[in-house]
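# Please work out how this folds:
(one chain, ligands or ions: 3)
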Amino acid sequence: MLAARLKPSNRQTPDVEHVSRSDPDAPVEPRDGEVNCPTCGNKRFILDAAGGLKPCPDCNVAQRWKVQALAAFASRSKLTQQQTFLNFRTTFNGQENPVLVQCLRAAERFAAQPEGRWLVIWGERGSGKSHLCAAVDNHLTQAGIPSLFITVPDLLAALRQAIDLQSNTEQESFTGRMNIFKTATVLILDDLGAEQSSPWSESVLFEILDYRYRNRLATMIATNVHPDEFDPRIASRMQDTALCTVIENAAPDYRRRPLSEKR
Ligand SMILES: Nc1ncnc2c1ncn2[C@@H]1O[C@H](COP(=O)(O)OP(=O)(O)O)[C@@H](O)[C@H]1O
Ligand SMILES: [Mg+2]
Ligand SMILES: [Zn+2]
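Ligands and ions are numbered 1, 2, ... in the order given. Got it, this is the predicted structure:
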């Protein structure tokens, strides 16, 4: 499934690297469905104060390319696209569950302003962690903010596949994919701890999380492992309360609730 989505022929995203390196004076025709932009001359990138290239804020096209590029790796599905803050329930049998209210509020706060923040939600299976990850992802995607919602097993599979592909493009090489996971504007990592752990998986996960920690990059993590049981190097980063909010979702398994409660 993942392999099929990542085949070169399936790639639909424009080559951002190629565009950004093009002759700065050459006029650029807008691609299908893209606006004519006087600010960047349809190059979609402009020079920032430090002389680097940044996505043109007026047409926002490069930002959308980034959203599309991340979509190639996402663990999105029909189900996750329907999971929102609105249909996340906090009241059952007329009783509001304060644990669920707290989790929902934390996820909404993170989605409203993810920059420079980490959010970790841990708890038992079925308590609604993945639902909240998907709701954050859907909210950000609708707002045009590039977010990558991916389960840890999918992320590791994409990296293992990159080793097999032996390609050197940004989308297919191991280094390129690592860079995508390390630098995604917002990374939503579901099911951390559900992977088959090995020294290799621990080291790539540490490299990604450590990079994101050091650069204060927005990261949401859902897990059913108690935060104290993580690799101590990851656990210590989660304990940095200036950056990271850790909450327990102690709600019972939603799937086991009687039908009468779900109405
Ligand atoms: N509070 C809730 N309101 C509405 N649906 C919920 C709620 N909690 C869980 N669900 C639903 O129950 C199912 C299991 O939840 P999920 O988020 O996958 O649990 P977890 O990731 O914690 O194991 C999903 O279909 C999800 O949409
Ligand atoms: Mg889950
Ligand atoms: Zn522009």
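
# so where is the stretch 51-200 of the chain shaky, pLDDT-wise?
Nowhere does the stretch 51-200 of the chain drop to pLDDT under 70.

# interface residues of it facing ligand 3?
56, 58, 59 (C-beta under 5 Å from the ion). Where C-beta positions appear, they are placed from N, C-alpha and C, glycine not excepted.

# any idea of the pLDDT on residue 219?
Per-residue pLDDT puts residue 219 at 98.

# which other residues reach the helix or strand containing it?
Assigned by DSSP states H and E, residue 219 falls within strand 218-223. Residues outside strand 218-223 that contact it (C-beta atoms under 8 Å, 6 or more residues apart in numbering): 107, 110, 114-122, 129-130, 132-133, 136, 185-194, 209, 212-213, 238.

# what lines up beside it in the sheet?
Sheet pairing for strand 218-223, assigned by DSSP bridges, gives strand 118-123 (parallel), strand 186-192 (parallel).

# How far away from the center of its chain is it?
The chain centre lies 8 Å from the centre of strand 218-223; the measure is C-alpha atoms, centre = their mean, to the nearest Å.

# Next: stretch 48-55.
Relative to its parent chain, stretch 48-55 has a centroid offset of 24 Å by C-alpha atoms, centre = their mean.

# again with stretch 242-251
That offset, for stretch 242-251, works out to 18 Å (C-alpha atoms, centre = their mean).

# try stretch 49-62
Offset of stretch 49-62 from its chain centre (C-alpha atoms, centre = their mean): 21 Å.

# Check stretch 179-198 too.
8 Å.

# cool, stretch 134-148 as well?
8 Å.

# Next: stretch 195-209.
17 Å.

# who touches it?
Here stretch 195-209 has contacts from 152-153, 155-156, 159, 178, 181-182, 187, 192, 219, 231, 233-234, 237, using C-beta under 8 Å, 6+ apart.

# could I get that stretch in CSV with only the CA atoms?
Extracted in CSV, the C-alpha atoms of stretch 195-209 (Å, rounded to 0.1, in the frame of the first residue of the first chain):
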residue,chain,number,x,y,z
GLU,A,195,6.6,-0.2,16.3
GLN,A,196,8.7,-3.4,16.4
SER,A,197,11.6,-1.8,18.3
SER,A,198,15.2,-2.3,17.2
PRO,A,199,18.4,-0.4,17.6
TRP,A,200,17.9,1.0,14.1
SER,A,201,14.3,2.1,14.7
GLU,A,202,15.3,3.7,18.0
SER,A,203,18.1,5.6,16.4
VAL,A,204,16.1,7.0,13.5
LEU,A,205,13.2,8.0,15.8
PHE,A,206,15.6,9.6,18.1
GLU,A,207,17.3,11.5,15.3
ILE,A,208,13.9,12.8,14.1
LEU,A,209,12.6,13.8,17.5
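
# Could you list the buried residues of it?
Buried residues in stretch 195-209, counting neighbours by 16 or more other C-beta atoms under 10 Å, are found at 195, 201, 204, 205, 208, 209.

# Looking at these, which is nearest ligand 3?
Nearest to ligand 3 out of those is residue 208 (C-beta to the ion; 30.9 Å).

# Pull out the buried residues from stretch 207-219.
Buried positions in stretch 207-219, judged by neighbour count with 16+ other C-beta under 10 Å: 208, 209, 212, 213, 217, 218, 219.

# For residue 75, see how far away the last one is.
Going from residue 219 to residue 75 by C-beta to C-beta, to the nearest Å gives 15 Å.

# Now a PyMOL select for only the buried ones of the contacts of strand 218-223.
Buried residues among these (16+ other C-beta under 10 Å), as a PyMOL selection:
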select buried, resi 107+110+114+117+118+119+120+121+122+129+130+132+133+136+185+186+187+188+189+190+191+192+193+209+212+213+238
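
# Many thanks, we can stop here.
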